[in-house]
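Trainee: Predicted model and sequence follow; I will ask about them next.
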Amino acid sequence: MSEKNVDERKTREQNVKQHRGGRRTWLLQAVCFLVLFGMILLPVSYMVRTNGDVKDRFAGFYAEKKDSLDVVMIGSSPVFPYYAAPKLWGETGIAMYPLSTNVQRPAAMKYLMEEAEKTQSPQLYIFEMRMFTMEEEGLMDNMAYTRGVTDNIRYSISRVKAIQGLVPEDDEEGRLSYYFDIMKYHTNWKMLALPSEWKNMFYHNSHPLKGYTFRDEVGPQPMPDIAEVEGEKPIPTEQEAYLKELLMTLQKENQDALFVVSPYGESAQEQQMFHYMEEIVASYGYPFLNMNDYYQEIGIVFEEDFADYGSHTNAVGAEKCTDFLKEYLQANYSLPDHRGDASYASWDASYQLWCERQAEAVETVRERIAKGEYAQYEE
């Protein structure tokens, strides 16, 4: 081979090496850019999500120490104002936390349980069953109910699975805006000016009341006359399918669970639906606690203990419901008492805060009853 050909070959080899080196550099720069972009986008996405009780509750859940919760309670709005986790802790040492959203679709329960299992190993899941009486089509008319769940789960594969399971492919907004919810909330830049939202930048911010929400309004209604209601009424077909799927998942995972119905101004038809649910739940070997069968034992007073005319309890009713649940858990489960454990110091602080605010809320409720100052009724 001539000297000229050798030089040409060397030149070609050098060009190939330079090209490969340039390509590697470009790929490395691209990867670094995407990583940096993601590191910025992730906290910004969390911060611009609409703030409020639900966001604070989920950020608080993620802030709980790994495998520290004994009970996780999943369900709709009857969960967070009915059951005071700090009170349960202060009197039993049981650490319970609610993964609850407004008008939570039953279809979301299994995804929230899967999300909880990523950081916790609770001995017991409690599912609130009121929403299983609702038609799925009506719940999907307002996808804000779905976003209450999907927009409050941290970015992960399980969040993608929840979106795929809850959001129809032909949804008007498109699944993309659920996967990347900053597309919906990108105009909420004012959130970046709120110190409270900087605490949520990693969706990891301890909740002072462990997910509980105080209510001190009063909205009276007569006690429902359902004591003599018998018979069963099937629940909507979709909800029955979701319930059975949840029960099979629990059995497969060998997970203990309790299904409850919080007391409220239910109808005779709804009571029959709860009878129907109870049969299904019992057939899988799980207990079903319908608190509407225990008004006297709970001591619930419909004219005083509800914030909004029989739908959700105020602080007085919540204390009674928490007491009833506490007694049921102590009688039927062997849950640990963590009081005195230094790693649960935040729970002691939550109990002290609850005691202070409970006294104030009870006084407010009593004053409103005495003055006849009742909550504005909403259709």
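Mentor: Arrived safely, thanks for sending. Numbering: from 1, shown residues only.
Trainee: now the chain, which segments are flagged as low pLDDT?
Mentor: Scanning the chain with the threshold set as pLDDT under 70 gives 1-23, 25-40, 172, 377-379.
Trainee: From the centroid of it, which residue is nearest?
Mentor: Nearest residue to the geometric centre of the chain (Cα atoms, centre = their mean): residue 99, 2.5 Å.
Trainee: So it, which state does it fall into?
Mentor: At residue 99 the chain is in strand, as set by DSSP: H, G, I helix; E, B strand; the rest coil.
Trainee: close enough to count as contact, it and residue 72?
Mentor: Yes: using Cβ atoms under 8 Å, residue 99 is in contact with residue 72, at 6.0 Å. (C-beta placed from N, C-alpha, C; glycine too.)
Trainee: quick one: common contacting residues for these two?
Mentor: residue 116 (Cβ atoms under 8 Å, 6 or more residues apart in numbering).
Trainee: which residues of the chain fall in strands?
Mentor: All strands of the chain, identified by DSSP state E, fall at 71-75, 96-100, 124-128, 257-261, 288-290.
Trainee: hang on, the earlier thing: what are the bridge partners for the residue nearest to the centre of the chain, then?
Mentor: Taking DSSP bridges as the rule, residue 99 bridges to residue 74.
Trainee: what's it in contact with, if anything?
Mentor: 57, 58, 61, 72, 73, 74, 112, 115, 116, 211.
Trainee: measure it to residue 369 for me?
Mentor: For residue 99, the distance to residue 369 (Cβ to Cβ, to the nearest Å) stands at 33 Å.
Trainee: Repeat that for residue 288.
Mentor: With distances taken as Cβ to Cβ, residue 288 is found 33 Å from residue 369.
Trainee: do the same with residue 146
Mentor: Taken as Cβ to Cβ, the span from residue 146 to residue 369 is 37 Å.
Trainee: Which of these two has more residues huddled nearby?
Mentor: residue 146 (24 against 15; other Cβ atoms under 10 Å).
Trainee: Now do the contacts for residue 58.
Mentor: Each residue near residue 58 by Cβ under 8 Å, 6+ apart is listed here: 99, 152, 153, 203.
Trainee: and if we set it to 10 Å?
Mentor: By Cβ atoms under 10 Å, 6 or more residues apart in numbering, residue 58 lies in contact with 49, 98-101, 112, 115, 148-149, 151-154, 200, 203, 205, 207, 211.
Trainee: Could you list which of those belong to helices?
Mentor: 112, 115, 148, 149 (DSSP state H).
Trainee: And these, which of them are buried?
Mentor: Neighbour-count burial within those applies to 112, 115, 148, 149; the criterion is 16 or more other Cβ atoms under 10 Å.
Trainee: My understanding was that residue 117 contacts residue 66; is that so?
Mentor: No: contact criterion Cβ atoms under 10 Å: residue 117 and residue 66 do not qualify, at 11.4 Å.
Trainee: Looking at those two, which one has more neighbours?
Mentor: residue 117 (15 against 9).
Trainee: about what we covered before: residue 81 is nearest to which of the strands of the chain?
Mentor: strand 96-100 (9.3 Å; Cβ to Cβ).
Trainee: Same question for that closest one: list its buried residues.
Mentor: Here strand 96-100 shows 96, 97, 98, 99, 100 as buried, counting by 16+ other Cβ under 10 Å.
Trainee: Same question for stretch 265-280.
Mentor: 265, 266, 270, 271, 272, 273, 274, 275, 276, 277, 278, 280.
Trainee: what's the answer for stretch 187-201, then?
Mentor: 191, 197, 199, 200, 201.
Trainee: In the residues you listed, find the pair that's most separated.
Mentor: 191 and 199 (11.7 Å).
Trainee: Quickly list what's touching both of the two.
Mentor: Contact criterion Cβ under 10 Å, 6+ apart; residues shared by residue 191 and residue 199: residue 47.
Trainee: Over to residue 222: give its phi and psi.
Mentor: phi -60, psi 150 (degrees, to the nearest 10).
Trainee: Share the number of residues neighbouring it, please.
Mentor: 9.
Trainee: Need the nearest residue in space to it, chain neighbours excluded.
Mentor: Counting by Cβ to Cβ, 6 or more residues apart in numbering, residue 222 lies nearest to residue 302, which is 6.2 Å off, once chain neighbours are set aside.
Trainee: what's near enough to touch that neighbour?
Mentor: Going by Cβ under 10 Å, 6+ apart, the list of residues near residue 302 reads 219-224, 263-265, 295, 309-310, 317.
Trainee: Restricted to buried residues, select those in ChimeraX.
Mentor: Only the buried entries of the contacts of residue 302 go into this ChimeraX selection, using 16+ other Cβ under 10 Å:
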select :219,220,224,263,264,265,295,309,310,317
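Trainee: can you pull the contacts of residue 113?
Mentor: With contact taken as Cβ under 10 Å, 6+ apart, residue 113 is in contact with 72, 74, 99, 122, 125, 127, 246, 249, 250, 253, 255, 257.
Trainee: So it versus residue 209, what's the distance?
Mentor: Here residue 113 is placed at a distance of 23 Å from residue 209 (Cβ to Cβ).
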